[in-house]
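# the following comprises the amino acid sequence and a computationally predicted model.
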Amino acid sequence: MTTSPTKERSDQTADKNAIRPFRVNFPEAELTELRRRISATRWPEAETVPESSQRDDRWPGRNTVTEFAQGVPLATMQRLARYWATLYDWRKVEARLNGYPQFITEIDGLDIHFIHARSKHENALPLIVTHGWPGSIIEQLKIIDPLTDPTAHGGKLSDAFHVVIPSMPGYGFSGMPTTRGWDPVHMARAWDVLMKTATRNT
Amino acid sequence: MMGLQAPSGLLGIHTNMPGIFPADIDGAAFSGAPAPSGLSAEEKVAYERLQFVYQKGIGYGYQMGLRPQTLYGIVDSPVGLAAYFLDHDARSLELIARAVDGHPEGLTPDDVLDNITITWLTNTALSGARLYWEYWGKGYFNAKGVSIPVAVSVFPDELYPAPRSWTERAYPKLIHYNKLDKGGHFAAWEQPKAFTEELRAGFKSVALAVKDLACPIKTDRPNPSLRRQMLEDIDLSEVNSPAWWANKASRVALQKWWILNRRIECG
């Protein structure tokens, strides 16, 4: 089953506690448009950097004392943008995401997207791992396999976890709040609901 | 925040950015005052790093905390969004800049772009920014009064390295504290192996903390009907109340539950 990764609400007559399977699949046109926009960037001049004798031995060619004091250096952004517009391949991470079971459920009127990677070990400890800003579920992808399958990753059977990784409200594939009040306090309450829903139903 | 709310069934939390600063210390760092006298060497480092965050680091925090709806630029421009995301903190920015220069340690340019691209494609730069507006002024780094078991991993390039002294004061049930050699704010992403080992050690400590409270108990594996009976002995909705922890019978019941479910030997 594939759910469109747009923010449109699904039919609200459906059971609000239902858990819908989810997969990521962005249209190629959106990736093309992203590359076009990167290539069309209007750049500012570089940060003002004095010719300084104060060089950083850790990093020949860069002066970390002055270059980073004003924000993200122009050279870094231009290199990253060049790579992003040419060699970077979103489909790789899309496939990694779709390699894990993903779901959407509604909590307090908002769609909440989450990965639920269950360990094959029955007695695994249920664990929720949450990202912050500027983040997303991408931050947690590397730890899923070691946590759910510890014996294949240097751990013991008793180290197994069932892992739930949600997208915070307003982030990634979760819904965007249209009303106030989705602060960390509300999110934490939602994570409790999510853990109880997920461990019961998925 | 979940640790503060302590919902039923939550046995403990593990954090790599613990909110540990005493209110007066947090306030002094925010105001730019010199380090208060009487701090230990570790506390002084943490104080100075926090002060740097407040004084030089979190420009984005003020923008998102006070005027998020004005951030049209990061919604409209991929490079604008990428720059905004790269500038979370000085050490992770340098780490990422080195990766972009061809010297990745932990995060690759692909990692960094995956996180930015998911935000771009879902058009969530602005909705994500409202997190700060919703919580403005309430503090991310201060101690908040978490009473359930807490495990803490201290990565050296986090915004501040949490000293053990303040961490113990912030979390009366601190069951794991470890300082790592390498890693920063995005620990799970940047140092997944160390992060995984920390989670394993941290939650093992949750089990051991329970064990310390309740041992010795016979560990023979009971038959299924006894196992069901034991699980019924525990009212998980009560597990986080102070009165519950003060009651030895309930701790013994939890210990039995741990042995059953995690097969932890009591020895």
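Arrived safely, thanks for sending.

# quick check, pLDDT for residue 36.
Looking at chain A here, since you left the chain open. Listed pLDDT for residue A:36 reads 98.

# to clarify, I was referring to chain B.
Looking at residue B:36, its pLDDT stands at 94.

# now do the contacts for the nearest residue to it once chain neighbours are set aside.
In space, and not counting its chain neighbours, residue B:36 is closest to residue B:28: 5.9 Å by C-beta to C-beta, 6 or more residues apart in numbering or on different chains. From N, CA and C alone the C-beta is placed, and that goes for glycine too. Listed by C-beta atoms under 8 Å, 6 or more residues apart in numbering or on different chains, the contact partners of residue B:28 are B:35, B:36, B:47.

# out of these, who's the most crowded?
residue B:47 (23 neighbours; other C-beta atoms under 10 Å in any protein chain shown).

# could you look up the SS state of that one?
helix (DSSP: H, G, I helix; E, B strand; the rest coil).

# hmm, residue B:35 and it touching each other?
Yes - counting by C-beta atoms under 8 Å, residue B:35 is a contact partner of residue B:47 at 4.8 Å.

# name the SS class of the residue lying closest to residue B:146 once chain neighbours are set aside, please.
Leaving aside its sequence neighbours, residue B:146 sits nearest to residue B:3 (C-beta to C-beta, 6+ apart; 4.0 Å). What three-state DSSP gives for residue B:3 is helix.

# how near is residue B:3 to residue A:136?
22 Å (C-beta to C-beta, to the nearest Å).

# the strands in the stretch 51-200 of chain B, which residues?
Ranges of strands in the stretch 51-200 of chain B, per DSSP state E, counting those that start in this stretch, are B:150-154, B:174-179.

# quick one: stretch B:88-106 near chain A?
Yes - on the criterion C-beta under 8 Å from any C-beta of the partner chain, stretch B:88-106 is in touch with chain A at B:88, B:90, B:93, B:94, B:96, B:97, B:98, B:100, B:101.

# most neighbours among those, please name it.
residue B:96 (26 neighbours).

# what score does that one have for pLDDT?
On pLDDT, residue B:96 comes in at 97.

# mind listing what it touches?
A:76, B:86, B:107, B:112.

# now, which of those sits nearest residue B:174?
Comparing those against residue B:174 with C-beta to C-beta places residue B:107 closest, at 29.2 Å.

# the closest one contacts residue B:93, doesn't it?
No - look at residue B:107 against residue B:93 with C-beta under 8 Å: they stay out of range, at 11.0 Å.

# and the residue nearest to residue B:36, what pLDDT?
Predicted confidence (pLDDT) for residue B:28: 96.

# same question, residue A:199
Confidence score, pLDDT, at residue A:199: 81.

# can you check residue A:14 too?
pLDDT recorded at residue A:14 is 53.

# who touches stretch B:183-198?
Residues from elsewhere that reach stretch B:183-198 (C-beta under 8 Å, 6+ apart): A:129, A:135, A:138-140, A:142-143, A:146-147, A:153-155, B:14, B:16-17, B:88-89, B:91-92, B:95, B:106-107, B:111, B:151, B:153, B:155-159, B:176, B:178, B:180, B:182.

# got a quick ChimeraX command for the buried subset of the residues you listed?
Typed into ChimeraX, the next command selects the buried ones out of the contacts of stretch B:183-198 (criterion: 16 or more other C-beta atoms under 10 Å in any protein chain shown):
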select /A:129,135,138,139,140,142,143,146,147,153,155 /B:14,16,17,88,89,91,92,95,106,107,111,151,153,155,157,158,159,176,178,180
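
# in helices only, show me the contacts of stretch B:183-198.
Among those, DSSP state H puts A:142, A:143, A:146, A:147, B:91, B:92, B:95, B:111 in helices.

# reformat those as CSV; add distance to residue A:176.
Output for the ones in helices among the contacts of stretch B:183-198, formatted as CSV (distance: C-beta to C-beta, whole Å):
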residue, distance to residue A:176
A:142, 27
A:143, 27
A:146, 32
A:147, 29
B:91, 31
B:92, 26
B:95, 30
B:111, 25
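
# could you pull out the helices for the stretch 101-250 of chain B?
B:109-122, B:125-134, B:164-170, B:187-190, B:192-214, B:224-233, B:242-246, B:248-262 (DSSP state H, counting those that start in this stretch).

# mind telling me which of those helices the model trusts least?
Across the helices of the stretch 101-250 of chain B, helix B:224-233 gives the lowest mean pLDDT, at a mean of 48.

# now for the residue nearest to residue B:142 when sequence neighbours are not counted: which residues touch it?
Once flanking residues are discounted, residue B:142 sits nearest to residue B:26: 4.4 Å by C-beta to C-beta, 6+ apart. By C-beta under 8 Å, 6+ apart, the residues touching residue B:26 are B:50, B:139, B:141, B:142.

# no further questions, thank you.
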